[in-house]
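J.: Sequence and predicted structure are below.
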Amino acid sequence: MQEWMIAMLVISVLLIVRDMAKTILAGRTPKAEELVPLCESHPQKEKVQRYAASFQKLADTFYGMPYRKDYLSSGQVEHIIKDTNELVCSKCYQREVCWGERADALYRGGEAMIRTLEEGQEEAIRKIRSDWMSVCGRSAQYFDTVCENFKKEKQNLVWDNRMIESRLAVAQQLTEISKIMQMVAEDLYDIEQAAPQFQDELSKSLKKRHIILKQAWVMDKVEGRRQIFLSMRARSGQCISMNEVAQILSQACGCAMTPSTGSRCIVNGEYHTVHFVEDVSYQVLYGVAKLTKEKEKVSGDNYICRQEDEGKFIMCLSDGMGSGMEACKESEVVVELLEQFLESGFSQETAAKMVNSALVLKGQDGMFSTVDICAVDLYTGICNFLKAGASATFIKRDHWVESIASESLAAGLVQQLDFDTASRKLYHGDYLIMMTDGVLDALPAEREEETMKEIIMDIHEQTPKDISRGILERVLGYSDYRARDDMTVLVAGMWKK
């Protein structure tokens, strides 16, 4: 529980730092015409970097602690033999003989007995028990006592490993936080004043539309994409739409610019700083079709679809273990955490690792959820896939269908989870088709993916919503129109703007 509280605390700290960074970048209004020079040795930047180093040092401390053990240590074995001797041998009339001149042989025999129990092979256990009868007058009592003490030490080992996994989960989160804080330190001070010539030309163009430009800043850090901050107001009595300002700015920049998500809609008589970003090249529409398992009222599948400020469209799909309300709660936790982390600026792999750590720390035996993420860069069309225990995702392009499969475990089972990742370039008119395992499991065994490709090729609908419905209807035809598991089909179509 302490590790879980630590993890939630450090996550909360990070989210606050990220929100603070966004506020500084997107909402800062200068109090003077000249912006304070920002350089590599800025004291606040160094302060954030020191915080990052502190988190990493704390993570290294956790990493330096003992790792999980699959077998009892020699000390634990010795403790089992000692306790058994006190309970069984202390009252035996042959004690002086057994643990005198024959002590070494009996100790090795006891150790072999414990290691055999640890291996769990029934035949070997029976053999060593039979062998012990020839050397010990109380062999049955001795063996039963060893078994009882062995179970206690084995349970202690399980709890120790659980604590170790919790510490590793916290260490992993601290490491990711350190990386993000380093990134925040770099991003905070990469904004600079626009070139005088660019600002003069933009100011003249805006004046023609009754807008007074006070200051312009530029940030070109994110993969060469422009971000511009304009501090401006309209002349008295004027109200100009932000889209009109974006058109003027686009002409000045030579590329399409648009107000960032959540920006003001109009320019009025008061000075405000507005954040403009380079417009994306693609737009995405999505649709979903869902069906709940027979005799269940709630689906165990959950999903999110959202467009991020950085020009990415994210789709996340999670299938909770089993069906019903408990499965729904599990998958709901996964998608909500993923949404929070992705919205706060984490990469999809980092977000998935943090969610997996949270599920491991939660510590409910047997509870797990699949993780299926598609992140489309709307500037380039590159789609990154990340899967943990998820069903195949399909890409449809004209008369061709490709599947992206996964062989990794679901999230929440092990701490060091290996995700399946892949990247594909998407083009105008392509469709992304995600689904839970309840859909593929309804198809003929050993041919699930091949059959699904045939179904997708047979779909002639154009809108994502109609495609998802068409797929689900055809799949139900293979299962006598009965839903033996929760079924969700999520479809996104991509078009050039």
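T.: Everything's here; your move.

J.: longest helix in this structure, by residue count?
T.: Taking DSSP state H as the criterion, the chain has its longest helix at helix 139-188.

J.: What helices and strands are in contact with it?
T.: The criterion is 3 or more Cβ pairs under 8 Å, 6 or more residues apart in numbering; DSSP states H and E, and the helices and strands that helix 139-188 contacts are helix 2-27, helix 43-63, helix 74-87, helix 103-119, helix 122-133, helix 348-362. Where C-beta positions appear, they are placed from N, C-alpha and C, glycine not excepted.

J.: The next helix or strand after it - contacts with which helices or strands?
T.: Using DSSP states H and E, the helix or strand that follows helix 139-188 towards the C-terminus is strand 192-193. The contact analysis (3+ Cβ pairs under 8 Å, 6+ apart) places strand 192-193 against strand 211-219.

J.: For the strand it packs on, which residues meet the burial criterion?
T.: 211-213, 215-219 (16 or more other Cβ atoms under 10 Å).

J.: Report whether the expected contact of residue 264 with residue 242 is present.
T.: Yes: counting by Cβ atoms under 8 Å, residue 264 touches residue 242, with 6.1 Å between them.

J.: Pull up the overlap in contacts between these two.
T.: Residues touching both residue 264 and residue 242 (Cβ atoms under 8 Å, 6 or more residues apart in numbering) are residue 274.

J.: Of these two, which one has the most company?
T.: When residue 264 and residue 242 are compared for neighbours, residue 242 comes out ahead with 18 against 14, by other Cβ atoms under 10 Å.

J.: what's across from the closest residue to that one other than its chain neighbours in the sheet?
T.: Counting by Cβ to Cβ, 6 or more residues apart in numbering, residue 259 is the residue found nearest to residue 242 once chain neighbours are left out, at 4.8 Å. Assessed by DSSP bridges, residue 259 has beta-bridge partners residue 276.

J.: check contacts around residue 259.
T.: Contacts of residue 259 (Cβ under 8 Å, 6+ apart): 242-243, 245-246, 274-277.

J.: rerun that using 7 Å as the cut-off
T.: 242, 246, 274, 276 (Cβ atoms under 7 Å, 6 or more residues apart in numbering).

J.: out of those, which are buried?
T.: 242, 246, 274, 276.

J.: Am I right that the third one is in a strand?
T.: This means residue 274. Yes: when classified by DSSP: H, G, I helix; E, B strand; the rest coil, residue 274 is found to be part of a strand.

J.: pretty sure it is in contact with residue 262, am I right?
T.: No: Residue 274 is beyond contact range of residue 262, at 10.6 Å (criterion: Cβ atoms under 7 Å).

J.: picking up where we left off before, next, format the buried ones among the contacts of residue 259 as JSON lines and append distance to residue 140 and pLDDT.
T.: Output for those, formatted as JSON lines (distance: Cβ to Cβ, whole Å; pLDDT from 0 to 100):
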{"residue": "242", "distance to residue 140": "86", "pLDDT": "92"}
{"residue": "246", "distance to residue 140": "86", "pLDDT": "92"}
{"residue": "274", "distance to residue 140": "84", "pLDDT": "91"}
{"residue": "276", "distance to residue 140": "83", "pLDDT": "91"}
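
J.: which residues of the stretch 351-497 of the chain fall in strands?
T.: Counting by DSSP state E, counting those that start in this stretch, residue ranges of the strands within the stretch 351-497 of the chain are 371-377, 382-388, 393-397, 400-404, 420-425, 431-435, 487-496.

J.: pLDDT wise, what is the nearest residue to residue 439 once chain neighbours are set aside at?
T.: The spatially closest residue to residue 439, leaving aside those adjacent along the chain, is residue 487, at 4.9 Å (Cβ to Cβ, 6+ apart). pLDDT for residue 487: 92.
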